[in-house]
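Colleague: need coordinates for the following:
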Amino acid sequence: MTTGTAADGRLAKLRAELESENLDALLVSNASNRRYLSGFTGSSGSLLITADGATIATDFRYYEQAESQAEAFRLYKTAGRLDDWLPGLLDGMGGKRTGFEASEVSYALHRQMVAVIEAMPAAARPRLVPRSGIVERLRARKDADELAKLQAAIDLGDATFEHVAKLVEPGWSEQQVAWEIERYIHEQGGDGPSFSAIVAGGAWGAMPHAYARDHALKSGEGLVIDMGARLDGYCSDLTRTIVLGEPDARFRAVYEIVLTAQLAAYEMIEPGMTGAQAHMLAQSVIDAAGYGEHFGHGLGHGIGLQVHEAPRVTATSDDTLEEGMVFSIEPGIYLPGWGGVRIEDLAVVERGRCRFLSHAPKSE
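Modeller: Residues are numbered from 1 along each chain as shown. Here you go, the predicted model:
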């Protein structure tokens, strides 16, 4: 739950963004943005943020929840069709430049909103302005409350991996590993996994986003486990590549390259870099080892209330890395017919450099 103090601070930052965007108000419909600003965890509702007001609009199912979770917000009760309640929510917004989240509002819904507004008296009509990324930019830099919640989710993810790594043995299916991950997270009080775990043995590991199969794991093969835990709404994300038994020389060599690439990026990333510049720190190591064409995804991604959020840390990203940002560092090498190696940790930019937040063991 977002505390009143945290909500006040986030609203103040948002209002400064609205001023720079030449907006008088913002309608927020994205569920994660709604939760970030208000603390409300229900699945339906909207926020209307103005220079001097904050309203949460939701229906009968969530009145009590909204009142308890979004204490800094005025509750506006919705019922019926859009034209039954939207004019009341927008009362007093005549002529005001009112942003809406363009990536969240479908074409059909936008048409409905325009029709409702056009039916209002001319002097009462707000001016709808499409915008994207305003709240997401704020979410990219984690405050102390978020860092604490993220660390708790990351610690649970680390513990989950260590638990599973001790149990898994040849003959287990990939699906059995994935189920044990989910079971343990729930047993330890987590909300559930951040995403469906990737569990890929042997050659299946050559696919970065492989799904867990009813396939028996074999001794001596590599095993990629990419998993995360969700706790109090916040996500973790961790990848380890292990061998059930004794790794062979090829596995050791590929693993060493990936680990070197990850640690090179970790040591050299600093505030002010673009995501593309950070990506190239790892890419250059893998290129020099002759495996450049086998590292085809980005180095990392931001994480928080969603498992993928700003900043993007990829070969084409112009996102600027800043203090307080949390993102994954996850280089990999994927060789069709053989398998893959990926090593992923979450890190925060802090005091001019990166600090790892995940600490699950990995081979050195």
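
Colleague: buried sites along stretch 266-278?
Modeller: 266, 269, 271, 273-278 (16 or more other C-beta atoms under 10 Å). Heads up, the C-betas are built off the backbone N, CA and C, glycines and all.

Colleague: turn those into a markdown table, including pLDDT and distance to D158.
Modeller: Output for the buried residues of stretch 266-278, formatted as a markdown table (pLDDT from 0 to 100; distance: C-beta to C-beta, whole Å):
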| residue | pLDDT | distance to D158 |
| --- | --- | --- |
| Y266 | 98 | 17 |
| I269 | 98 | 21 |
| P271 | 98 | 26 |
| M273 | 98 | 27 |
| T274 | 98 | 29 |
| G275 | 98 | 25 |
| A276 | 98 | 29 |
| Q277 | 98 | 28 |
| A278 | 98 | 23 |
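
Colleague: mind showing which ranges of the stretch 251-364 of the chain have poor pLDDT?
Modeller: 364 (pLDDT under 70).

Colleague: again, 80 this time
Modeller: Within the stretch 251-364 of the chain, the set of residues satisfying pLDDT under 80 comprises 363-364.

Colleague: would you list every one of the strands in it?
Modeller: Along the stretch 251-364 of the chain, counting by DSSP state E, counting those that start in this stretch, strands occupy 300-302, 309-313, 326-329, 332-335, 339-342, 345-350, 353-356.

Colleague: follow-up on the earlier one: and the buried residues of stretch 266-278, which is closest to E309?
Modeller: G275 (12.8 Å; C-beta to C-beta).

Colleague: in this structure the closest one contacts A310, no?
Modeller: No: using C-beta atoms under 8 Å, G275 is not in contact with A310; the gap is 9.4 Å.

Colleague: identify the contacts common to those two.
Modeller: Contact criterion C-beta atoms under 8 Å, 6 or more residues apart in numbering; residues shared by G275 and A310: D319.

Colleague: host element of F100?
Modeller: strand 97-101 (DSSP states H and E).

Colleague: what about the helices in the stretch 101-250 of the chain?
Modeller: Remark: helices assigned in the stretch 101-250 of the chain by DSSP state H, counting those that start in this stretch are 107-118, 134-140, 144-167, 174-187, 249-268.

Colleague: helices or strands up against the first one?
Modeller: Packing partners of helix 107-118 (3 or more C-beta pairs under 8 Å, 6 or more residues apart in numbering; DSSP states H and E): helix 82-89, strand 127-131.

Colleague: likewise the third one?
Modeller: In this structure, helix 144-167 packs against helix 174-187, strand 222-227, strand 229-231, strand 234-235, strand 238-243, strand 345-350, with contacts taken as 3+ C-beta pairs under 8 Å, 6+ apart.

Colleague: CSV for these, including distance to A79 and mean neighbour count?
Modeller: Shown next, in CSV, are these (distance: least, C-beta to C-beta, whole Å; neighbours: other C-beta atoms under 10 Å):
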stretch, distance to A79, mean neighbour count
helix 174-187, 35, 18
strand 222-227, 41, 25
strand 229-231, 32, 25
strand 234-235, 32, 26
strand 238-243, 44, 22
strand 345-350, 42, 22
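
Colleague: adding distance to G300, write the ones you listed out as JSON lines.
Modeller: Listed next are these as JSON lines, based on distance: least, C-beta to C-beta, whole Å:
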{"stretch": "helix 174-187", "distance to G300": "21"}
{"stretch": "strand 222-227", "distance to G300": "13"}
{"stretch": "strand 229-231", "distance to G300": "18"}
{"stretch": "strand 234-235", "distance to G300": "14"}
{"stretch": "strand 238-243", "distance to G300": "11"}
{"stretch": "strand 345-350", "distance to G300": "8"}
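
Colleague: about what we covered before: in helices only, show me the buried residues of stretch 266-278.
Modeller: Under the assignment DSSP state H, these contribute 266, 275-278 to helices.

Colleague: okay, now the domains of this protein?
Modeller: 4-138, 141-356 (automatic domain parsing).

Colleague: ends of the longest one, what's the gap?
Modeller: Length of domain 141-356, first residue to last, C-alpha to C-alpha, to the nearest Å: 16 Å.

Colleague: same question for stretch 305-325.
Modeller: End-to-end distance of stretch 305-325 (C-alpha to C-alpha): 13 Å.

Colleague: and if you look at stretch 16-35?
Modeller: The first residue of stretch 16-35 is 19 Å away from its last residue (C-alpha to C-alpha).

Colleague: quick one on the thing from earlier: adding distance to G233, write the helices of the stretch 101-250 of the chain out as a markdown table.
Modeller: Formatted as a markdown table, the helices of the stretch 101-250 of the chain follow (distance: least, C-beta to C-beta, whole Å):
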| stretch | distance to G233 |
| --- | --- |
| helix 107-118 | 25 |
| helix 134-140 | 12 |
| helix 144-167 | 7 |
| helix 174-187 | 14 |
| helix 249-268 | 27 |
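
Colleague: out of those helices, nearest to A6?
Modeller: Closest among the helices of the stretch 101-250 of the chain, using C-beta to C-beta: helix 144-167, at 4.9 Å.
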